[in-house]
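A.B. asks: sharing a model prediction with you, sequence too.
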Amino acid sequence: MMSIFILIGAYRYYAGLAERFGKTKWHFGLLAIAIYLGFQIMFLFCYGIYQGLTNTYSENSYTGFSLVNIISWLLAIGAVYGVYKILENKFKKEIKRPSLEIEKIGRDPEM
């Protein structure tokens, strides 16, 4: 249930970024969901491999609040935020650069 709230927040966060820079909102919202779920799957897969290699299997169910889930949520939120900052910096640099189409205005079309 907690992951659903995190996914909704990440979707809205990225959609706001896309709206601010004139991009398609749902594309970036889906990117946020993919980053979050991909990181969660990768982290829990690595944790499963760790348990397999060290023979430290436990009978606990990891569907609720557990230390492993809380750590994976925090790391996944960090990954989503990190990619957000990378995209934000990239979009800010795109705004500062003049567009290539503007430089072509007034040139001979045969060149």
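C.D. replies: On my side now, so go ahead.

A.B. asks: number of nearby residues for Gly82?
C.D. replies: Other residues lying near Gly82 total 11 when counted by other C-beta atoms under 10 Å. In this view, the C-beta of every residue, glycine as well, is placed from N, C-alpha and C.

A.B. asks: helix or strand: which one has it?
C.D. replies: Per DSSP states H and E: Gly82 is located in helix 67-96.

A.B. asks: what is the mean pLDDT for that helix?
C.D. replies: Across helix 67-96, pLDDT averages out at 90.

A.B. asks: mind listing what's buried along that helix?
C.D. replies: Neighbour counts using 16 or more other C-beta atoms under 10 Å place Asn69, Ser72, Trp73, Ala76, Ala79, Val80, Val83, Tyr84, Leu87 of helix 67-96 among the buried residues.

A.B. asks: farthest pair in these?
C.D. replies: Within these, Asn69 and Leu87 form the most distant pair, 26.7 Å apart (C-beta to C-beta).

A.B. asks: how about Tyr57, secondary structure?
C.D. replies: coil (DSSP: H, G, I helix; E, B strand; the rest coil).

A.B. asks: and the closest residue to it other than its chain neighbours, how close does it get to Lys25?
C.D. replies: Computed as C-beta to C-beta, 6 or more residues apart in numbering, the closest residue to Tyr57 that is not its neighbour in sequence is Gln51, at 5.5 Å. In this view, Gln51 and Lys25 are 39 Å apart by C-beta to C-beta, to the nearest Å.

A.B. asks: next one: Tyr50
C.D. replies: Distance, Tyr50 to Lys25, using C-beta to C-beta: 38 Å.

A.B. asks: kindly report the same for Leu87.
C.D. replies: Taking C-beta to C-beta, one finds Leu87 at 13 Å from Lys25.

A.B. asks: do Ala34 as well
C.D. replies: 15 Å.

A.B. asks: and these two? Which one has more around it.
C.D. replies: Neighbour count, other C-beta under 10 Å: between Ala34 and Lys25, Lys25 has more, with 15 against 12.
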